[in-house]
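Participant: Here is the input, now give the coordinates:
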Amino acid sequence: MPIVSSQQPRGGNGVGTVASTSQGFDSADVRRRLQAIFIGSIGNLVEWYDFYAYAAFALYFAAAFFPGHDPVVQQLNAAILFAIGFIVRPIGGWLFGHLADHYGRRMSLMLSVLLMCFGSLMIAATPTYATIGLWAPALLGLARLIQGLSLGGEYGASATYLSEIADRQHRGFYSSFQYVTLIGGQLCAIVVLLVLQQLVLTPAQLREWGWRIPFVIGAGLAVTALAMRRNLHETDDFVASRHVARRTSSVAALAKYPREVLVVVGLTMGGTTAFYTYTTYMQKFLRLSVGLTDSQTTVVTATSLVFALILQPIYGAVSDRIGRKPLLLWFGVMGTVSTIPLLVALQSTRSAFTAWLLIAGAWMIVAGYTSINAVVKAELFPTNVRATGVGLPYAVTVSIFGGTAESIALWFKSIGHENWFSYYLTGVIAVSLVVYAFMRDTRNESAMGRHE
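Facilitator: Numbers count the residues shown, from 1 in each chain. Predicted coordinates:
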């Protein structure tokens, strides 16, 4: 069954369906497909920018919400609230997955970015601990819960949309743009930090009030993304699945696929822990453990994210040629073997360039997971339960492993056993490696186009 119909683009506002023929795709088809993928993924970038702005600027606002004199403890408290944002991601995965599977991908994508806008505005406007006492961290935590709910819904809906809009021969390449925009969102947060650090504000101004600026920017970008997403049309897979009766809830329907759910959990746990290690935690690691300056930390973090971003479509295109499973095995084997040496070498260096090389090496491994994990999950489930199947088990796993990675690492550091975290990360990746070894290659055995 074709991924997209052979009909002409539908009229009305926005991006029509992308036509396919047995002879291939003409240039107009490719342009329409790329336009749909751009609009579908730009909101993903904005959501992740808003979410990661918290991590990027935590070094500056942690003291405003958590009193004390120990910067490690302050960062640990901020990291705990970062992890709290992950607690409600499973609820977001279920809620927005249900909306996407029953009422359309477009509606789910619009509501998720609207909710993220509200959460960012809350952070920008919340008074400090000196002004309202314990209400300050409480309101900050509430804003993070709202953002976590939004992000939990965004992942499943956007992964489903990008996978369904792509043609079969390039599905890995197109869907890799979810992590391009995901990493791009974090990169944008780092770039905003770098601009404010180097060109606009002093360190004192950043700590006093400048940290609020990125959240105001994020709320404005979310409104822009909402306007763009209004122009999205549903994928043909969803339109075709409307003719299939749905008499059960999304969770009940998902219960029919226990093996696929367990595969999502298993393939995610190692990848998400590694991803958050080399993104959100790495900034603190470079500053507190390696001893780089604020500027060096920002530059190394930003440029390593650029490198990671470039890798995503390359690895995605490779998966379209050789399959998804070889890339997952690459990540699992190399992650198990190399994590401890990489983190030990990072901790011992005092050179910003050496630190960048080591992080770049880590990204060449982790990209084996990040570039294709969205399409692998989408290819596991039929259309009528795909958004829930992708979003809910993923969100649960990320809440347990990804969202806690930074907190666990900082806790090990606070008790004087920082190296223990490298063993923890290695063990989690090794568990995922077992799943990779026994799962099917979804490029060859895909549920895309199947309606049940």
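Participant: Would you tell me which helix is longest in this protein?
Facilitator: helix 27-65 (DSSP state H).
Participant: Quick check: which helices or strands does the helix or strand following that helix pack against?
Facilitator: Next in sequence after helix 27-65, counting helices and strands by DSSP states H and E, comes helix 71-87. Helix 71-87 sits against helix 27-65, helix 135-165, helix 405-414, with contacts defined as 3 or more CB pairs under 8 Å, 6 or more residues apart in numbering; DSSP states H and E. Quick note: C-beta positions are derived from backbone N, CA and C, even for glycine.
Participant: tell me the phi and psi of the most centrally placed residue in the chain?
Facilitator: For the chain, the residue sitting closest to the mean C-alpha position, by CA atoms, centre = their mean, is L182 at 4.9 Å. Phi and psi for L182, reported as degrees, to the nearest 10, are phi -60, psi -50.
Participant: pLDDT score assigned to it?
Facilitator: L182 is assigned 84 on the pLDDT scale.
Participant: ok, the spatially closest residue to it that is not a sequence neighbour - contacts?
Facilitator: The shortest distance from L182 to any non-neighbouring residue, by CB to CB, 6 or more residues apart in numbering, is to W48 (4.9 Å). By CB atoms under 8 Å, 6 or more residues apart in numbering, W48 lies in contact with 151, 181-186.
Participant: Please flag which of these sit within helices.
Facilitator: Going by DSSP H, the helices hold 151, 181-186 from these.
Participant: Serialize those residues to TSV and add fields for distance to H170.
Facilitator: Listed next are these as TSV, based on distance: CB to CB, whole Å:
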residue	distance to H170
L151	27
T181	17
L182	19
I183	20
G184	20
G185	23
Q186	25
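Participant: and which of those is nearest V300?
Facilitator: Relative to V300, the closest of the ones in helices among the contacts of W48 is Q186; by CB to CB it sits at 13.7 Å.
Participant: Now for the residue nearest to that closest one when sequence neighbours are not counted, how many residues are close by?
Facilitator: Nearest residue to Q186, sequence neighbours excluded (CB to CB, 6+ apart): Y52, at 4.1 Å. For Y52, the neighbour count with other CB atoms under 10 Å is 25.
Participant: which one of the ones in helices among the contacts of W48 is nearest L134?
Facilitator: Once CB to CB is applied, the member of these that ends up nearest L134 is L151, at 25.8 Å.
Participant: what residues are up against F51?
Facilitator: So F51 contacts 85, 116, 147-148, 151, 185 (CB under 8 Å, 6+ apart).
Participant: Kindly recompute the last result at 10 Å.
Facilitator: Going by CB atoms under 10 Å, 6 or more residues apart in numbering, F51 touches 82, 85, 116, 119-120, 144, 147-148, 150-151, 154, 182, 185-186, 189, 218, 280.
Participant: quick one: the residue nearest to L182 and T336, what's the gap?
Facilitator: Relative to T336, W48 is positioned 27 Å away (CB to CB, to the nearest Å).
Participant: And I322, by the same measure?
Facilitator: Counting by CB to CB - I322 and T336 are separated by 21 Å.
Participant: Pick out whichever of the two has more residues nearby.
Facilitator: T336 (20 against 12).
Participant: any weak-confidence spans in the protein?
Facilitator: For the chain, applying pLDDT under 70 flags the ranges 1-30, 32-33, 68-70, 73, 242-250, 446-452.
Participant: again, only this time at 50
Facilitator: Applying pLDDT under 50 to the chain flags residues 1-25.
Participant: Give the buried residues for the strand or helix carrying Y436.
Facilitator: Per DSSP H and E: Y436 is located in helix 420-438. Applying a neighbour-count criterion of 16 or more other CB atoms under 10 Å, one finds 421-422, 424-426, 428-430, 432-433, 435-436 buried in helix 420-438.
Participant: For R207, find the nearest of the helices and strands packed on helix 71-87.
Facilitator: Among the helices and strands packed on helix 71-87, the nearest to R207 by CB to CB is helix 27-65 (5.0 Å).
Participant: Pull out the buried residues from the closest one.
Facilitator: Buried residues in helix 27-65, counted by 16+ other CB under 10 Å: 29, 32-33, 36-37, 39-65.
Participant: What's the separation between the closest residue to G361 other than its chain neighbours and T128?
Facilitator: Nearest non-adjacent residue to G361, counting by CB to CB, 6+ apart: L342, 6.6 Å away. Between L342 and T128 the distance is 37 Å, computed by CB to CB.
Participant: More neighbours: the two, which one.
Facilitator: L342 (21 against 17).
Participant: Now do the SS call for V333.
Facilitator: helix (DSSP: H, G, I helix; E, B strand; the rest coil).
Participant: shouldn't it be in contact with Y369?
Facilitator: No - judged on CB atoms under 10 Å, V333 makes no contact with Y369 at a distance of 11.8 Å.
Participant: anything in contact with each of these two?
Facilitator: Taking CB under 10 Å, 6+ apart as the criterion, V333 and Y369 both touch 429, 436.
Participant: Pick out whichever of those two has more residues nearby.
Facilitator: Y369 (27 against 17).
Participant: would the more buried one count as being in a strand?
Facilitator: No - applying three-state DSSP, one finds Y369 to be helix, outside a strand.
Participant: which residues does the nearest residue to it once chain neighbours are set aside contact?
Facilitator: What sits nearest to Y369 in space, not counting adjacent residues and going by CB to CB, 6+ apart, is G271, at 3.4 Å. Contact analysis of G271 by CB under 10 Å, 6+ apart lists 328, 331-332, 335, 366, 368-370, 372-373, 397-398, 401-402, 428-429, 432, 436.
Participant: If anything else comes up later, I'll come back, but that's it for now.
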